[in-house]
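Peer 1: 3D model of this:
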Amino acid sequence: MPSDGLRTLISFLLFLHLFALSVAVLSRTGTVSGFRSALRTRTGVSHYLNLLGMDLGYDFHLTRNMPDDFDHVVDLVLDAPTGFRGEQEVIEQQQLETIELMPEDVWPGARKRRYLSLGLSVAANASNDEIASEIPKALVTGLLAQHGRTDGKHYFRCRTIRPRNWGDEANTDPHDPRYYFNDYMADVVATGPGQWNLVKVVSEGEATQLQRQSTSDPATQSPPGSGEREGTQP
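Peer 2: Down below sits the predicted model:
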C-alpha cells in the first residue's frame with residue numbers, strides 16, 4: 001500500500017488533470033465568454049493539454065475549407081467612437097458594449113442554423129452594392145429595438161472565423177483576432193427615431209481595387225482629341 005503522502009500527491013495530480021480537461025470542454029462549448037477564454041489561456045491549461053496531445057482540435061481542418069463551412073459572426077458595437085474600425089483594444093479600453101446576433105444561450109439545431117445562415121447571407125452579398133445593406137439594415141433595426149436604442153452612432157460588422165493551419169503560430173486561442181476576417185463593416189447612423197442608415201466601410205483592399213477600376217474605365221478618361229497633342233500648333 002502506498003503511503004498517505006503518496007496517495008495525497010496522486011489525488012492532487014488527478015484533480016489537476018480533471019480540472020484541465022473540464023476547462024478544455026467548457027471553453028469549447030457554445031459561445032465562449034471572456035472569463036472561460038481567460039481561464040484557459042492564463043492558467044497554463046492549454047500548454048498542459050498540448051503536451052498530452054489533447055488540445056489539437058483547432059489545429060486541423062475538419063471541413064472542406066470552403067466559405068460555406070466557416071461560421072460568420074455578426075455583431076453590433078454600441079456607441080462606437082468616431083473613426084472606430086473594430087479594434088479590440090478600443091473595445092476593451094472604452095468598455096464598449098457589443099451585441100451579438102446569435103444569443104449566447106441559443107440551442108444547437110434549426111435555430112442556430114438560422115442565425116448562421118443570416119451571417120452567411122450578409123457575407124455572400126457584401127460585394128453587391130445594390131443589396132449589400134438590405135439584410136444588415138434589418139438586423140440592425142431589430143437588435144437596436146430589442147435594446148431600446150433609438151439614436152446614436154454604432155458599428156456593424158460581419159466576420160468570418162477561419163480554421164487554423166498546422167503551420168500557424170503556437171496560439172491555441174481560436175478567438176484570436178488574427179483568425180477573424182472582415183466580410184462587411186458599416187457605420188450605423190440614426191436618421192430619425194428608430195430609423196437607421198448604414199454607411200459601408202470600404203477596406204484598404206477594396207479601395208485599391210476601386211481606384212484601379214476607375215483609372216482603367218474608358219468612361220472616366222478623356223476622349224481622344226479633347227486635349228492638345230504634342231508637336232501641334234493650337
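
Peer 1: what sits against N128?
Peer 2: Contact analysis of N128 by C-beta atoms under 8 Å, 6 or more residues apart in numbering lists nothing. Every residue, glycine included, has its C-beta placed from N, CA and C.

Peer 1: Please pull up the helix or strand immediately following the longest strand seen in the chain.
Peer 2: Secondary structure of the chain per DSSP state E: the longest strand is strand 180-192. As assigned by DSSP states H and E, the chain's next helix or strand after strand 180-192 is strand 195-200.

Peer 1: what helices or strands is that following strand leaning on?
Peer 2: Packing partners of strand 195-200 (3 or more C-beta pairs under 8 Å, 6 or more residues apart in numbering; DSSP states H and E): helix 134-146, strand 180-192.

Peer 1: And the next helix-or-strand element following the first one, what does it pack against?
Peer 2: Toward the C-terminus, helix 134-146 is succeeded by strand 153-161 as the next helix or strand (DSSP H and E). For strand 153-161, the packing partners by 3+ C-beta pairs under 8 Å, 6+ apart come out as strand 71-77, helix 110-124, helix 134-146, strand 180-192.

Peer 1: Paired strands for the shortest one, with orientation please.
Peer 2: So the one you mean is strand 71-77. Here strand 71-77 has these sheet partners by DSSP bridges: strand 98-100 (antiparallel), strand 153-161 (antiparallel).

Peer 1: Same question for the last one.
Peer 2: The partner list of strand 180-192 in its sheet, established with DSSP bridges, is strand 153-161 (antiparallel), strand 195-200 (antiparallel).

Peer 1: Name the residues that touch it?
Peer 2: Against strand 180-192 from outside (C-beta under 8 Å, 6+ apart): 72-73, 76, 80, 85-86, 122-123, 126, 132-133, 136, 140, 144, 150-162, 196-201, 203.

Peer 1: same thing but at 7 Å, please
Peer 2: Contacts to strand 180-192, defined as C-beta atoms under 7 Å, 6 or more residues apart in numbering, come from residues 72, 86, 122-123, 126, 132-133, 136, 140, 151-162, 196-201, 203.

Peer 1: Quick one: buried ones out of the residues you listed?
Peer 2: 72, 86, 122-123, 126, 132-133, 136, 140, 154-160, 162, 196, 198, 200-201 (16 or more other C-beta atoms under 10 Å).
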